[in-house]
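Coordinates only, no sequence provided:
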């Protein structure tokens, strides 16, 4: 099977690959074998950059026989704005979830007990704590958060 895409679609695909690569390895220092299969797909798609006229966005390391998005890619794409929005949108709910879990743990409620609860029971238990943090963060952001 073959997939035919336009030049504009290929350019958009480069943005999507950037986002995927950011999620898969943007915060990792060491190599993660779980992403190897995805990296090989990235390589195949990057190999067509010259054919689509985007050799200025994808560089070739001839020694390692690898392709990668050039250092200026981020500057020439609005894709990082999307990543930043995602980070902001996911930060607050994740922070609240972690604080709710911590508070329940400090109350002596263990994970095994939580897993045995129905979703309704768990919501009833968590909701007052969650509401407290949501109200606080909406009002003050991180201003009152102390370690």
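All right, it came through fine. Quick caveat, the model's predicted, so the values are computed rather than measured.

how near is residue 97 to residue 122?
Applying CB to CB, to the nearest Å, the value for residue 97 to residue 122 is 12 Å. In this view, the C-beta of every residue, glycine as well, is placed from N, C-alpha and C.

ok, now which ones touch residue 68?
Each residue near residue 68 by CB atoms under 8 Å, 6 or more residues apart in numbering is listed here: 46, 58-59, 61.

where does it fall, phi/psi-wise?
Reported as degrees, to the nearest 10, the phi and psi values for residue 68 are phi -160, psi 150.

For it, give the beta-bridge partners.
Per DSSP bridges, the residues bridged to residue 68 are residue 59.

so how far is residue 130 from it?
42 Å.

do the same with residue 107
Counting by CB to CB, the gap from residue 107 to residue 130 is 14 Å.

These two: which is more packed in?
More crowded of residue 107 and residue 130, by other CB atoms under 10 Å: residue 130, with 17 against 9.

Might you report the residue contacts of the more buried one?
When contacts are counted by CB under 8 Å, 6+ apart, residue 130 touches 96, 100.

what about the residue nearest the centre of the chain, which helix or strand?
Nearest to the mean C-alpha position of the chain, by CA atoms, centre = their mean, lies residue 23 at 4.0 Å. Using DSSP states H and E, residue 23 sits in helix 7-25.

Give me the residues contacting that helix.
With CB under 8 Å, 6+ apart as the test, helix 7-25 has contacts from 5, 32, 35, 38, 42, 45-46, 48-49, 52-54, 57-58, 69, 73-74, 77, 79, 82-83.
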